[in-house]
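In: Next comes the sequence, and after it the predicted model I'd like to discuss.
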Amino acid sequence: MRRNVLFLALAFCTMTAQSALAQSELGLKRAGVAIGIVSPENLDAAFGFGVFADLGNLTPQIGLEPRIDYWSQSESVFGGGKFSVRDLTIGARGKYFFPTSNPKLRPFAGAGLGLHMLNAEVEIVDPFSGQTMTAEDSSTKLGLDLGGGFAAPLSPRTDLLAEIWYGIVSDFSQFSLRVGLSHVLGS
């Protein structure tokens with residue numbers, strides 16, 4: 001009896017996986033660049049930039065996008081020192097494109113995961129000796145991205161993207177507004 005149930009479960013999973021693969025259109029479709037404003041938790045806003053790729057669709061409405069993003073922020077601290085933070089993120093997002101009557105405007109909502117390679121450094125000047133003391137710390141943290149936006153064609157091969165994302169990262173959660181261009185690869 002157990003063997004029959006196991007066999008039926010395996011057959012069902014195999015048929016479901018084949019159906020999902022038949023609907024997917026994975027492959028490098030587009031590449032793009034993005035710039036934006038990043039507002040990390042407890043810091044002033046920073047300029048950010050990144051690159052991304054469109055790897056096609058997992059299903060007719062869900063697209064897959066790997067990405068690399070970077071931002072850096074420096075602030076003065078009391079007593080003439082400086083505090084700076086950098087974040088290099090490597091991640092992937094899934095985007096659900098909502099069906100619309102206007103095929104030129106494609107709104108989406110998405111979620112994804114990212115590895116945030118954070119680096120923080122502080123420099124403090126000793127007021128008595130004038131020497132500069134520094135301390136630095138680096139860590140890699142997993143983050144969850146939630147957001148949305150829209151894509152609209154600028155030309156037959158180039159799209160404009162406008163996005164809003166909130167990255168949930170331990171001690172460095174961040175809100176970002178991005179604008180980007182993606183270009184079709186190949187012919």
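Out: Here it is on my side, so go on. Numbers count the residues shown, from 1 in each chain.
In: From here on, just use CA atoms for contacts and neighbour counts.
Out: Fine.
In: Could you check how far residue 52 is from residue 59?
Out: With distances taken as CA to CA, to the nearest Å, residue 52 is found 20 Å from residue 59.
In: between those two, who's got more neighbours?
Out: The neighbour count for residue 52 versus residue 59, taken as other CA atoms under 10 Å, is higher for residue 52 (21 against 16).
In: Confirm that that one sits in a strand.
Out: Yes - under DSSP: H, G, I helix; E, B strand; the rest coil, residue 52 falls within a strand.
In: Verify the contact between it and residue 33 for me.
Out: Yes - counting by CA atoms under 8 Å, residue 52 does reach residue 33; the two are 6.3 Å apart.
In: May I see the buried residues of stretch 166-175?
Out: 166, 167, 168, 169, 172, 173, 174, 175 (16 or more other CA atoms under 10 Å).
In: what stretches of this structure score poorly on pLDDT?
Out: Counting by pLDDT under 70, the chain contains low-confidence ranges at 1-24, 187.
In: now the strands for it?
Out: 25-40, 46-57, 62-77, 81-97, 106-125, 132-153, 158-168, 174-184 (DSSP state E).
In: Residue 38: which of the buried residues of stretch 166-175 is nearest?
Out: When these are ranked by distance to residue 38 (CA to CA), residue 175 comes first, at 5.8 Å.
In: dump the residue contacts of the closest one.
Out: 38, 39, 40, 164, 165, 166, 167 (CA atoms under 8 Å, 6 or more residues apart in numbering).
In: What of residue 185?
Out: 28, 29, 30, 31.
In: next one: residue 184
Out: So residue 184 contacts 29, 30, 31, 157, 158 (CA under 8 Å, 6+ apart).
In: Apply 10 Å and report the result again.
Out: With contact taken as CA atoms under 10 Å, 6 or more residues apart in numbering, residue 184 is in contact with 28, 29, 30, 31, 32, 53, 54, 156, 157, 158, 159.
In: Many thanks, I have nothing further to ask.
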